[in-house]
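In: need a 3D model of the sequence below.
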Amino acid sequence: MSDATLDSAPTFWELICRRAARTPHRRVLIQAEAAPEDDRTLTFAELRDRGERVAAGLWEMGVRPGTVVAWQLPTRIETVLLSAALARIGAVQTPIIPFYRDKEVGFALRESKAEFFASPGVWRDFDHTEMARRLGARGIFEAYDSLPDGDPRILPPPPAEGTSVRWIYWTSGTTSDPKGVLHTDRSLIAGGSCLAHALHLSPEDVGSIAFPYAHIGGPDYLVMLFLYGFPAVLFEKFALPGALEGYRRHGVTTAGGSTAFYSMFLAEQRKNPGEKLIPTLRLLAGGGAPKPPEVYHAVVREMGCQLTHGYGMTEVPMITMGAPDDTVENLATTEGKPPTAMSIRITDADGKELPPLADGEVRLKGEAVCQGYLDPAQTAEVFDADGYLITGDLGHLTESGHLVLTGRAKDVIIRKGENISAKEIEDLLHRHPGVGDAAVIGLPDEVRGERVCAVIEQRADSPELSLDEVTAYLRGEGLSVHKLPEQLEVVDALPRNETLRKVLKYKLREQFS
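Out: The predicted structure follows:
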């Protein structure tokens, strides 16, 4: 079980050391490879001890407290070791998703003024080191399967406080340049603690990290491992059904990532409905994208495990999280409750706080909230006069304090002056037996201002849907006539990003406008 001595660790490195002292020989990381004999493990003590050796090697290279080190590495033991070593020194690390290319990587290197860049070399047939040289990166070194090494006795004491900015994460930048989000050790520990305590996990659990560790969810998840002392299986490449053997081989009890991951597991489960997909699995958990209620019910019904979903973003890694012992209604229709250290305000456009059940803008304040952005002007725009982060999300709080998200401020479709929630229509479409996934967007229209367009992936072997069939179904589900789609597009696959597989609506708008 977790205890207060771990929760109160002032820094990321101190959290590692406290867990290593408590359960040194327990596994923390398991690298799942294609062949079982190639699997690798790392204990909590090895993470601490090897992390110090890597830190010493980095020190000999010239990395010091405050030095900005960018790394673009896949989900591997070596990546976690490098990140831990940078935390030991007190460097400022800026993780970059390994799927990003020249535009995003170049922007991150320029804006962060990185003095070193850790590359995986040639990874998935792409030469990251050559790209780094092309971009003029400084201090390039490869860190895929070998890391700097040195004598820890050369190191000064580790950082004593966790309130300095030591992490720069990057927003997705889907419609413009990404933003550099500033985090401290304390904000990441606060986010991970919220996740850990909400899920009610134990040392007997086995977790999994199938998303890029360079995502803000990486340290979030690692904090959970430190607090409860259980391991996670790392998947450098996540694809189903190929990854299933790794889940089964290591007895994974909790998996997930985002709504798209739930849907992928469901699709595999439906191939053999009489046999549990992962025999040891008891919990799917995640966040990062809206969860239609029907997905919750389908997972519980068909996979025989619980599903809890939460709400987080790069600026605030964990805001709310569903708890496994909550009611079915809350688990299906809300994003869970915030921890006591997170204050949520629902406001009107002018910042006036609204009562429970009233829809408005979601604003946040708490230890898990970032320090702002690299660009001070962007920071000034996103915090209100009371210090609350303006998320751009819309929703309301229930009487019990659960958060219900109803969409993004920019995802509201304004048709003939009436506001229409895309999420409301999407949730209904997910109930249709022929719909595998759906996204609803507003498209420019000379008469209406915007028209409602539904873009769907159909389930395999289902007959092709028509607009008339879809609108008839939605009317039967009680959707108001003025919210009905006026355009239907059927696609083989919705465009998604490479991290938590969020649907990229801006690409749909570009395609169908």
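
In: going forward, measure contacts and count neighbours with C-alpha atoms only.
Out: Noted.

In: now do the end-to-end distance for stretch 115-130.
Out: From its first residue to its last, stretch 115-130 covers 17 Å (CA to CA, to the nearest Å).

In: again with stretch 298-310
Out: Per CA to CA, the first residue of stretch 298-310 is 18 Å away from its last.

In: buried residues in that stretch?
Out: Residues of stretch 298-310 classed as buried: 298-299, 302-310 (neighbour count, 16 or more other CA atoms under 10 Å).

In: closest to residue 190 among those residues?
Out: residue 310 (14.8 Å; CA to CA).

In: just give me the neighbour total for the nearest residue to that closest one once chain neighbours are set aside.
Out: Closest residue to residue 310 apart from its sequence neighbours, by CA to CA, 6 or more residues apart in numbering: residue 321 at 4.0 Å. For residue 321, the neighbour count with other CA atoms under 10 Å is 29.

In: residue contacts, residue 321?
Out: Residue 321 is in contact with 194-195, 198-199, 308-311, 335-338, counting by CA atoms under 8 Å, 6 or more residues apart in numbering.

In: most surrounded residue in the residues you listed?
Out: residue 309 (29 neighbours).

In: so that one sits in a strand?
Out: Yes: Residue 309 sits within a strand when classified using DSSP: H, G, I helix; E, B strand; the rest coil.

In: what sits opposite it in the beta ladder?
Out: Taking DSSP bridges as the rule, residue 309 bridges to residue 286.

In: now do the SS call for residue 464.
Out: coil.

In: follow-up on the earlier one: spatially, which two of the buried residues of stretch 298-310 are the most separated?
Out: Most distant of these, by CA to CA, are 302 and 310, 21.1 Å apart.

In: for residue 481, grab the count of nearby residues.
Out: Taking other CA under 10 Å as the criterion, the count of residues near residue 481 is 10.

In: can you tell me, leaving aside adjacent residues, what's nearest to it?
Out: Nearest one to residue 481, counting by CA to CA, 6+ apart, is residue 475 at 7.1 Å.

In: same question, residue 63
Out: Of all residues not flanking residue 63 in the chain, residue 91 sits nearest, at 7.1 Å (CA to CA, 6+ apart).

In: which ones are touching the one you found?
Out: 63-69, 166.

In: before we move on, the earlier item: how far is the helix or strand encompassing the residue nearest to residue 481 from where the chain is centred?
Out: Assigned by DSSP states H and E, residue 475 belongs to helix 467-476. In terms of CA atoms, centre = their mean, to the nearest Å, the centre of helix 467-476 is set 34 Å apart from its chain centre.

In: next: stretch 250-263.
Out: The chain centroid and the centroid of stretch 250-263 are separated by 13 Å under CA atoms, centre = their mean.

In: could you dump that stretch to CSV, C-alpha only?
Out: The C-alpha coordinates for stretch 250-263 follow below in CSV (Å, rounded to 0.1, in the frame of the first residue of the first chain):
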residue,chain,number,x,y,z
HIS,A,250,2.9,-11.1,-17.6
GLY,A,251,-0.5,-11.3,-16.0
VAL,A,252,-1.5,-7.6,-16.6
THR,A,253,-4.3,-6.6,-14.3
THR,A,254,-4.8,-3.0,-15.3
ALA,A,255,-4.5,-1.6,-18.9
GLY,A,256,-5.8,1.2,-21.0
GLY,A,257,-4.6,4.6,-22.3
SER,A,258,-7.6,6.3,-23.8
THR,A,259,-11.0,5.7,-25.4
ALA,A,260,-9.4,4.5,-28.6
PHE,A,261,-7.5,1.8,-26.6
TYR,A,262,-10.8,0.6,-25.1
SER,A,263,-12.3,0.3,-28.5
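
In: buried residues in the helix holding residue 475?
Out: Neighbour-count burial for helix 467-476, counted by 16+ other CA under 10 Å, picks out 467, 470-471, 473-474.

In: which elements pack onto the next helix or strand along the chain from that helix?
Out: Later in the chain than helix 467-476, the nearest helix or strand by DSSP H and E is strand 487-491. The contact analysis (3 or more CA pairs under 8 Å, 6 or more residues apart in numbering; DSSP states H and E) places strand 487-491 against strand 449-458.
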